[in-house]
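Q: what's the 3D shape of this:
(2 chains)
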Amino acid sequence: QKEVEQDPGPLSVPEGAIVSLNCTYSNSAFQYFMWYRQYSRKGPELLMYTYSSGNKEDGRFTAQVDKSSKYISLFIRDSQPSDSATYLCAMNYGNKLVFGAGTILRVKS
Amino acid sequence: DAGITQSPRHKVTETGTPVTLRCHQTENHRYMYWYRQDPGHGLRLIHYSYGVKDTDKGEVSDGYSVSRSKTEDFLLTLESATSSQTSVYFCAISESEGWVTEAFFGQGTRLTVV
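A: This is a model prediction of the structure:
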């Protein structure tokens, strides 16, 4: 079993929709929970990270962590075609990051 | 982009040949990482470095070696390339002490082993 599970999609939504991306994990030692965005043929870039259970908002993006269920989510409001990318969840173990498989998101105009 | 340069960006090589990929940073970050990215697997850690000449294995280190003789350079060597090592390789850097939260990635090297 992988430490971090993420549905690879692809997920296709119309412009303006609310998008929900999710990951589950098995290692209780993970401390920080991150979301990276990766455009085609580019390296991943950090979107946001959270430490504790609860919500963190940044513009149209909201990250949610439920440590009791070992479940994290990223919500994108008012999705735009420019949001089309692969979204990878990541969690850290000391100085190492463990990534999910990534979910391909396509926002149709 | 953070000051990370990977070279080469694309390479085709034959089975059994050694291959070296280079990662160069201008940020003076302590931590450097090599990941490979494959469909369905996401990013998997190959090796990482926490200082000059200080390296450790990651999740998928078999068949790979690394060296870091200078802060700015981290080399990944495929000792005898196999078709299963066809992948996109990413270098990343981080300045985090303790628990890493943000890593900056290079543009990737697309390696094909034929």
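Q: now do the same for the residue of chain B positioned farthest from its centre: helix, strand or coil?
A: Counting by CA atoms, centre = their mean, the extreme residue of chain B relative to its mean C-alpha position is B:G98, 20.9 Å from that point. For B:G98, the secondary structure call by DSSP: H, G, I helix; E, B strand; the rest coil comes out as coil.
Q: quick one: B:F90 and B:Y35 touch, right?
A: Yes - B:F90 is within contact range of B:Y35, at 4.7 Å (criterion: CB atoms under 8 Å). C-beta coordinates here come from the backbone N, C-alpha and C atoms, glycine included.
Q: for chain B, what is the nearest residue in chain A?
A: Of all residues in chain A, A:G43 sits closest to chain B, with a separation of 3.2 Å (CB to the nearest CB).
Q: would you map the strands across the chain?
A: All of this refers to chain A. Taking DSSP state E, the strands of chain A run over residues A:4-6, A:11-14, A:19-25, A:33-38, A:45-50, A:54-58, A:61-66, A:71-76, A:85-93, A:96-99, A:103-108.
Q: let's do chain B instead
A: Listed from the start of the chain, chain B has strands (DSSP E) covering B:4-7, B:10-13, B:19-25, B:31-38, B:42-51, B:54-57, B:64-70, B:73-78, B:87-94, B:104-105, B:109-113.
Q: around chain B, which positions in chain A sit nearby?
A: Proximity of chain A to chain B is assessed by CB under 8 Å from any CB of the partner chain, with A:4, A:6, A:8, A:31-32, A:34, A:41-46, A:49, A:88, A:90, A:92, A:94-102 identified as the residues in range.
Q: among those, name the buried ones.
A: When burial is judged by neighbour count using 16 or more other CB atoms under 10 Å in any protein chain shown, the buried members of the residues of chain A next to chain B are A:4, A:6, A:32, A:34, A:42-45, A:49, A:88, A:90, A:92, A:95-102.
Q: the lowest-mean-pLDDT helix or strand in chain A - contacts with which helices or strands?
A: For chain A, using mean pLDDT, DSSP states H and E, the weakest element among its helices and strands is strand A:96-99, scoring a mean of 90. Here strand A:96-99 is seen to pack against strand A:85-93, strand B:31-38, strand B:42-51 when contacts are counted using 3 or more CB pairs under 8 Å, 6 or more residues apart in numbering or on different chains; DSSP states H and E.
Q: now render those as CSV, adding distance to B:S83 and mean pLDDT.
A: CSV is the format used below for the helices and strands packed on strand A:96-99 (distance: least, CB to CB, whole Å; pLDDT from 0 to 100):
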stretch, distance to B:S83, mean pLDDT
strand A:85-93, 24, 93
strand B:31-38, 12, 96
strand B:42-51, 17, 94
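Q: those strands into JSON lines, with extra columns for distance to A:R77?
A: Putting those into JSON lines (distance: least, CB to CB, whole Å) gives the following:
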{"stretch": "strand A:85-93", "distance to A:R77": "15"}
{"stretch": "strand B:31-38", "distance to A:R77": "28"}
{"stretch": "strand B:42-51", "distance to A:R77": "25"}
